[in-house]
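Trainee: coordinates only, sequence not included:
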């Protein structure tokens, strides 16, 4: 589901914002993307119960944290999701080096590690009034992925 969400976001924009925060006292990971024209926006939120283990350490434990990554690199890091038994995502800061590490433990004991450089970013959410919305679409990630699958990132 996480990999499908990232693939869906890749149809909308070129960058993904990973936001780790507490919502209603629950740790939450939100992935979001916006196109260059700022006319399309999508986000997927995963609560702590989705993960086997979800920890916010250090400065991230007491505040919201958001980092921006290249979506193509994220898609590549999650490409072998069907053979992945366990995925660990870590935000690492070592001096001037800031990376998000995707470490996949695959079947057969193979470990794949991808280090993606990130930028700190502000948290951006689409502004709309949920009460005044006349129509609403709610569906599984796969349905949205199929619905916009024919669009390139520039057309969304």
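Mentor: On my side now, so go ahead. Please read all numbers here as calculations on a predicted model, not as lab measurements.
Trainee: Give the burial count for residue 121, as a bare number.
Mentor: 14 (other Cβ atoms under 10 Å). For every residue, glycine as well, the C-beta is placed using N, CA and C.
Trainee: can you tell me which residues contact it?
Mentor: 17, 66, 67, 68 (Cβ atoms under 8 Å, 6 or more residues apart in numbering).
Trainee: If we use 10 Å, what do you get?
Mentor: 15, 17, 18, 19, 66, 67, 68, 69 (Cβ atoms under 10 Å, 6 or more residues apart in numbering).
Trainee: Take these and keep only those in strands.
Mentor: When these are checked against strands (DSSP state E), the matches are 15, 17, 18, 19, 66, 67, 68, 69.
Trainee: follow-up on the earlier one: between which two of the contacts of residue 121 is the distance greatest?
Mentor: Taking Cβ to Cβ as the measure, those span a maximum distance of 12.8 Å, between 15 and 19.
Trainee: and for the two, which residues touch both?
Mentor: 32, 121.
Trainee: Tell me the buried residues within the contacts of residue 121.
Mentor: For the contacts of residue 121, a burial check counting by 16 or more other Cβ atoms under 10 Å picks out 15, 17, 18, 19, 66, 67, 68, 69.
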